[in-house]
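Student: Give me coordinates for this.
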Amino acid sequence: MAGLLSTVQGGGASAAAPGSKASEALHLHKSAGKVLPKIVILDLDYTLWDCFCAHHTSPPYRRTGPNEVRDANGAGKLIKIGTDTRDILTALRAHGCRLAIASLNGDFPKSSQLLEAFGIWHFFQKEVALVQILRGTNKERHFQQIKAAAGSGVAWNDMLLLDDASRNVQLARQRGATAVLVEGRCLTVAVLEKALAAHAGEQRNRGALLTFFKPVSPVAQREAAAAAAEERAGGKNTREGEATIPHISQWSEMLGAAEDRGGGSALEPLAKPAEVREACGAPPSVEERGAAKKPRGGGAGKVEEEVVSEIAVGDRDGGSAQKPWGGIARGLRVLDAVAVLAALAAAAAFFTS
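Tutor: Numbering: from 1, shown residues only. Predicted coordinates:
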């Protein structure tokens, strides 16, 4: 690939060409304002190289090509790293990412000799505490020791794991790190770009969640409580004479209070009960129907009897004259619940996108 490093047999330090694909990918990622991982954790077998180092190779190792080594002093098994690997490691270090290793092969001497033979041991040698080559059934201990060695300024979500085993990827994700499965036995620029995009996406979603659930300061809580108390007391803002528009929840409470009392006085500061019922399509109350039947002269006793009769019928039917108020109150409460569910659904869609 363009910018592939020239190497010297037997290893040694090297630098990535400025125009390497790995360096360009990291530069574009960073220039777009996306967050880079603080630590990139690499697996060894079938991730950094294409074999099981501890079981299938025998030192001493000898470089026989730019990206290949043979064991048994150059006469044995051929071991390869990806053509992008050296550029990827160089670019990550150049952009401030620390490099770590988490391997289950358990053979530190053999692994370090192979890294030296490929000429890439110097990427990890300066922070050897981040190199965890331990036997085990999973990488829990590896991850914990890497995090401890990384220092207090590094959280789980600052880490990125590249590994060929899905169980290790899942474990790292459970801890809060970004983890990407490596397929094809070796690192490539395509894998790096996928990993950087995954890390940036998780950082963006985490930032949105922290903003959404940001705790309210005590001062803001006191101000909100005072405003609520003021609204309950008089429905006024702090400035004299400026009316507060009631929230839908207040309408529900006011209608519920009217239902409990059997009247509409709770709405009187806003509108007359008859006007509210007319706007909502509710039938007139018994009193309003009685008022409509008042004679222009005489017959008052007969009208009074009809009103009493209608009230009695309403009582016998379970207070049907007040039922429209209860329906409106319940409807507004349902609207409140629907609004909350819609907001939660929108938030869930945003965070899973």
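
Student: List the buried residues for the helix or strand Leu26 falls within?
Tutor: Using DSSP states H and E, Leu26 maps to helix 21-31. By neighbour count on 16 or more other Cβ atoms under 10 Å, the buried set for helix 21-31 is Lys21, Ala22, Ser23, Glu24, Ala25, Leu26, His29. In short, each C-beta sits where N, CA and C put it, glycine included.

Student: quick one, what contacts the spatially closest residue to Met159 that is not a sequence neighbour?
Tutor: Leaving aside its sequence neighbours, Met159 sits nearest to Ala177 (Cβ to Cβ, 6 or more residues apart in numbering; 4.0 Å). Shown in contact with Ala177 (Cβ atoms under 8 Å, 6 or more residues apart in numbering): Ile41, Phe143, Trp156, Asn157, Met159, Leu160, Leu161.

Student: let's see 10 Å
Tutor: 37, 39, 41, 143, 146-147, 155-161, 169, 171, 199, 202 (Cβ atoms under 10 Å, 6 or more residues apart in numbering).

Student: Drop anything exposed from the residues you listed.
Tutor: 37, 39, 41, 143, 146-147, 157-161, 169, 171, 199, 202.

Student: Out of the residues you listed, which sit inside strands?
Tutor: Within those, residues falling in strands by DSSP state E are Ile39, Ile41, Met159, Leu160, Leu161.

Student: so how far is Met159 from Gly173?
Tutor: You called it Gly, but residue 173 is Arg. To Met159, Arg173 is 11 Å away according to Cβ to Cβ, to the nearest Å.

Student: Find residues that contact each of the two.
Tutor: Ala179.

Student: was I right about Thr83 contacting Pro66?
Tutor: Yes. When contacts are counted by Cβ atoms under 10 Å, Thr83 is listed as touching Pro66 (8.0 Å).

Student: mind checking which helix or strand of this protein has the lowest mean pLDDT?
Tutor: Lowest by mean pLDDT, DSSP states H and E among the helices and strands of the chain is helix 300-316, with a mean of 48.

Student: tell me the mean pLDDT for stretch 138-155?
Tutor: Averaging pLDDT along stretch 138-155 gives 95.

Student: got it, and stretch 49-65?
Tutor: Stretch 49-65 shows a mean pLDDT of 91.

Student: Would you mark the buried spots in that stretch?
Tutor: Applying 16+ other Cβ under 10 Å to stretch 49-65 flags Trp49, Asp50, Cys51, Cys53, Ala54, Thr57, Pro59, Tyr61, Arg62, Arg63 as buried.

Student: ok, back up a step: what is the most widely separated pair among the buried ones among the contacts of Ala177?
Tutor: Across these, the longest distance by Cβ to Cβ is 18.3 Å; it joins Ile146 and Glu202.

Student: ok, how many other residues are close to Asp107?
Tutor: 18 (other Cβ atoms under 10 Å).

Student: Got phi/psi on it?
Tutor: The phi/psi pair for Asp107 (degrees, to the nearest 10) reads phi -110, psi 90.

Student: Please apply the same query to Glu68.
Tutor: Dihedral angles (degrees, to the nearest 10) for Glu68: phi -140, psi 150.

Student: Now do the same contact list for it.
Tutor: Here Glu68 is in contact with Trp49, Asp50, Leu78, Ile79, Lys80, Ile81, Ala117, Phe118 (Cβ under 10 Å, 6+ apart).

Student: Of those residues, which is the nearest to Arg185?
Tutor: Asp50 (4.4 Å).

Student: contacting residues for Gly106?
Tutor: Here Gly106 is in contact with Ala54, Ile133, Leu134, Arg135, Gly136 (Cβ under 10 Å, 6+ apart).

Student: which of the contacts of Glu68 has the most neighbours?
Tutor: Counting by other Cβ under 10 Å, top hit in the contacts of Glu68: Trp49 with 26 neighbours.

Student: And Leu98, how far from His55?
Tutor: Leu isn't right for residue 98; it's Arg. In terms of Cβ to Cβ, Arg98 sits 29 Å off from His55.

Student: Could you do Ile39 as well?
Tutor: Where His55 is concerned, Ile39 sits at a distance of 28 Å (Cβ to Cβ).

Student: Where does pLDDT dip in the stretch 151-300 of the chain?
Tutor: Within the stretch 151-300 of the chain, the stretches with pLDDT under 70 are 207-217, 234-300.

Student: Check the residue nearest to Ser23 when sequence neighbours are not counted and give its pLDDT.
Tutor: For Ser23, ignoring the flanking residues on the chain, the nearest one in space by Cβ to Cβ, 6+ apart is Ala91 at 4.2 Å. We have a pLDDT of 92 for Ala91.
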